[in-house]
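> Could you look at this predicted model? Sequence included:
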Amino acid sequence: MIYHSTRDKQETAGSREAVLQGLCRDGGLFVSDELSDCRLDVEELLPLSYKETAKRIFGLLLGDYSSQELSEGVEEAYGSTFSAPEVTPLTRIGENWLLELYHGPTSAFKDVALCMLPQLMSKALSGTGKRVMIVTATSGDTGKAALNGFRDVKDVAITVFYPEGKVSDIQRLQMITQEGENVAVCGIRGNFDDAQSAVKTVFSSGAGAELEKEGIFLSSANSINVGRLIPQVVYYFEAYKALRNQGVIRKGECIDFCVPTGNFGDVLAGYYGKLMGLPIRHLIVASNENNVLTDFIRSGIYDRNRPFHKTISPSMDILISSNLERMLYYMSGGDVELIRSLMQDLKEKGRFQIGGELLERIQEVFPAGCADDEKTRAGIRRAYEVEGRLIDPHTAVGYQVMQEKGEKGVPCVLLSTASPYKFCRDVYEALFGPLSGEADGFAYMDALREKTGVEPPEPLKALRGKTELHKDVIDPGEIGGYVMKKAMEKLGSET
């Protein structure tokens, strides 16, 4: 399978190089025109385990890797790292279904991909003599999952930037207590978009060229990296398989998915599944109060020139959704000139507009809705009091949108995003009101466990008392210099 930029079909790479490079040199994202030819017969997958299904999908989409490499990578990623034997169990939530994606080592859905990406990266590096600095911006969950996945991986270092003061107490602790000789974590004065834009600039600036002289290459662990996106396709097939195996749907019947999303990566993975033959009718896009995606899908106008809202679902506090570019590429029939023009408008004007048949095609597949903090809290309460489910604020955004956009008679699968204990303060306050005094995240963790009887995940409980190892905070404009400094510290000069 050949990958190329969304903005120029002449910039090509095989899957190994696409994984190593992360972002295209022209600022575009790697896509493949062969994707819709990689169709899978879902019926043949029904008896397979999660790992077996993953190998089938990876074998199609990552063809530069040998069968042995993929088998070893899948075993390392999913053999014993998830607390649920199914990896991503499907359970009931009212009349619909919840895909539990929070059973990994950092209690967030990002684990599913970020346990596999280091395997793909290290195997692609083997024998090349290259060293890689992973540079990643996070709105909360990607950071810890990437740090955990790449910790002490040979010939790889990782630097994570997060928006200072705009992640939950537990998310911040997960990152700043991260151990490992090859890791760096830094807060950014600004929001996620500021961090993400600055990181993208590093890839196209002189910093990358300077590091290459030292034998160090930049890459990313965000969902702009195709090696991060592809592992997320697997759990869409797993959800469908579970409904078929439980007799909820018959052969060929379509289902809907509802996906809380900010950067459009999680929902895009579902669209990849649809292109590969998965009977998906709708992929419902659920946004929080930063509803730039909802407005775009309804109107065709993407406009990031709007107030930024700090919400209780901080991982979705995003106004520049990177993976939307990939969706636009496929929906436009691979029109690189259009994509290049739209992305130039977004960069220069902060907005772009589409219409006509392109917008209609998008609306047909991606209905959209949003929930502000008030609705999100109401979703947390309803899920707990009516359905008996404790959910985090991001999942609650999707839960509320699913109530509005789901259709009776069509099974809908809500993708969860994280353990509620990653956001225990906001979950507790939505259910029971605030604790008195200066209560920290652990006080809320204890109180939530006592009130609900639901145990926090072990990795989150283990944060208590850990030493804060990473205390740097910088302005977005300093990211390039910081990356170069950390790359030299962690990987050193080529000998």
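Everything's here; your move. Residues are numbered from 1 along each chain as shown.
> CA-only coordinates of the helix-or-strand element of the chain with minimal mean pLDDT, as PDB, when you get a sec.
Across the helices and strands of the chain, the lowest-confidence element by mean pLDDT, DSSP states H and E is helix 206-213, at a mean of 81. Taking C-alpha atoms only, helix 206-213 is exported to PDB below (Å, rounded to 0.1, in the frame of the first residue of the first chain):
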ATOM      1  CA  GLY A 206      14.600  24.500  10.300                       C
ATOM      2  CA  ALA A 207      14.600  22.600  13.500                       C
ATOM      3  CA  GLY A 208      13.900  19.300  11.800                       C
ATOM      4  CA  ALA A 209      16.700  19.800   9.200                       C
ATOM      5  CA  GLU A 210      19.100  20.700  12.000                       C
ATOM      6  CA  LEU A 211      18.300  17.500  13.900                       C
ATOM      7  CA  GLU A 212      18.600  15.400  10.700                       C
ATOM      8  CA  LYS A 213      22.200  16.500  10.500                       C
END
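> Report the distance from that helix to the chain centre.
With C-alpha atoms, centre = their mean, to the nearest Å as the basis, helix 206-213 stands 27 Å off its chain's centre.
> Give the other helices and strands that it contacts.
strand 216-219, helix 479-491 (3 or more C-beta pairs under 8 Å, 6 or more residues apart in numbering; DSSP states H and E). To be clear about C-beta, it is placed using only N, CA and C from the backbone, and glycine gets the same treatment.
> Which of those sits closest to residue 472?
Nearest to residue 472, of all those, is helix 479-491, at 7.6 Å by C-beta to C-beta.
> Which positions within the closest one qualify as buried?
479-480, 482-484, 486-488, 490-491 (16 or more other C-beta atoms under 10 Å).
> try stretch 257-277
Buried residues in stretch 257-277 (16+ other C-beta under 10 Å): 257-276.
> quick one: which of the residues you listed sit in helices?
Applying DSSP state H to the buried residues of stretch 257-277, the entries found in helices are 265-275.
> Closest one of those to residue 61?
Nearest to residue 61 among these, counting by C-beta to C-beta, is residue 272 at 8.1 Å.
> and residue 465, how far is that from residue 367?
According to C-beta to C-beta, to the nearest Å, residue 465 stands 46 Å off from residue 367.
> In three-state terms, label the closest residue to residue 185 other than its chain neighbours for me.
Computed as C-beta to C-beta, 6 or more residues apart in numbering, the closest residue to residue 185 that is not its neighbour in sequence is residue 470, at 3.7 Å. Recorded secondary structure, residue 470: coil (DSSP: H, G, I helix; E, B strand; the rest coil).
> surely residue 470 meets residue 180?
No: taking contacts as C-beta atoms under 8 Å, residue 470 lies outside contact range of residue 180: 10.6 Å.
> tally of neighbours for the spatially closest residue to residue 111 that is not a sequence neighbour?
Spatial nearest neighbour of residue 111, chain neighbours left out: residue 104 (2.6 Å); criterion: C-beta to C-beta, 6+ apart. Per other C-beta atoms under 10 Å, the neighbour tally for residue 104 reads 28.
> If we go by neighbour counts, what in stretch 288-303 is buried?
Here stretch 288-303 shows 288-297, 300, 302-303 as buried, counting by 16+ other C-beta under 10 Å.
> what does the helix or strand residue 296 falls within rub up against?
Using DSSP states H and E, the element containing residue 296 is helix 292-299. Applying C-beta atoms under 8 Å, 6 or more residues apart in numbering, the external contacts of helix 292-299 come out as 261-262, 264, 285, 287, 301-304, 306, 318-319, 321, 324, 362-363, 366-370.
> Which of these are buried, as a PyMOL select command?
Buried residues within the contacts of helix 292-299, by 16+ other C-beta under 10 Å, are selected in PyMOL with:
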select buried, resi 261+262+264+285+287+302+303+304+318+319+321+324+362+366+367+368+369+370
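> Which ones among the contacts of helix 292-299 lie within strands?
285, 287, 301-303, 368-370 (DSSP state E).
> Save those as TSV, and put in pLDDT and distance to residue 447 too.
Listed next are the ones in strands among the contacts of helix 292-299 as TSV, based on pLDDT from 0 to 100; distance: C-beta to C-beta, whole Å:
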residue	pLDDT	distance to residue 447
285	98	33
287	98	30
301	98	43
302	98	41
303	97	41
368	98	35
369	98	31
370	98	30
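> Spatially, which two of these are the most separated?
303 and 369 (18.2 Å).
> And the helix ranked longest in the chain, what's buried?
Using DSSP H, we find that the single longest helix of the chain is helix 226-245. Of all the residues in helix 226-245, those buried under the rule 16+ other C-beta under 10 Å are 226-244.
> Give me the average confidence score over that helix.
Averaging pLDDT along helix 226-245 yields 97.
> From the chain's centroid, how far away is that helix?
14 Å.
> Report the angle between that helix and helix 265-275.
Angle of helix 226-245 versus helix 265-275, following axes from the mean of the first three to the mean of the last three C-alpha atoms, to 10 degrees, is 60 degrees.
> Pull out the buried residues from stretch 174-182.
Judged by neighbour count (16+ other C-beta under 10 Å), stretch 174-182 contains these buried residues: 174-178, 180, 182.
> Return the subset of those residues lying in helices.
Filtering the buried residues of stretch 174-182 for helices - DSSP H - leaves 174-176.
> would you turn the residues you listed into a markdown table with pLDDT?
Converted to a markdown table, these look like this (pLDDT from 0 to 100):
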| residue | pLDDT |
| --- | --- |
| 174 | 95 |
| 175 | 95 |
| 176 | 96 |
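> for these, which one is nearest residue 4?
Closest approach to residue 4 among these (C-beta to C-beta): residue 175, at 33.7 Å.
> didn't the closest one look like it was pressed against residue 470?
Yes: the criterion here is C-beta under 8 Å, and residue 175 meets it with residue 470 at 7.0 Å.
> which residues are in contact with both of these two?
residue 185.
> List the residues that contact residue 414.
With contacts defined as C-beta under 8 Å, 6+ apart, residue 414 is in contact with 93, 96-99, 257-258, 395, 398-399, 402.
> now, which of the residues you listed sits nearest residue 389?
For the contacts of residue 414, the nearest to residue 389 is residue 93 (5.4 Å; C-beta to C-beta).
> Quick check: pLDDT value at that closest one.
Residue 93 carries a pLDDT value of 96.
> Please determine how far it is located from residue 404.
On the measure of C-beta to C-beta, residue 93 and residue 404 end up 15 Å apart.
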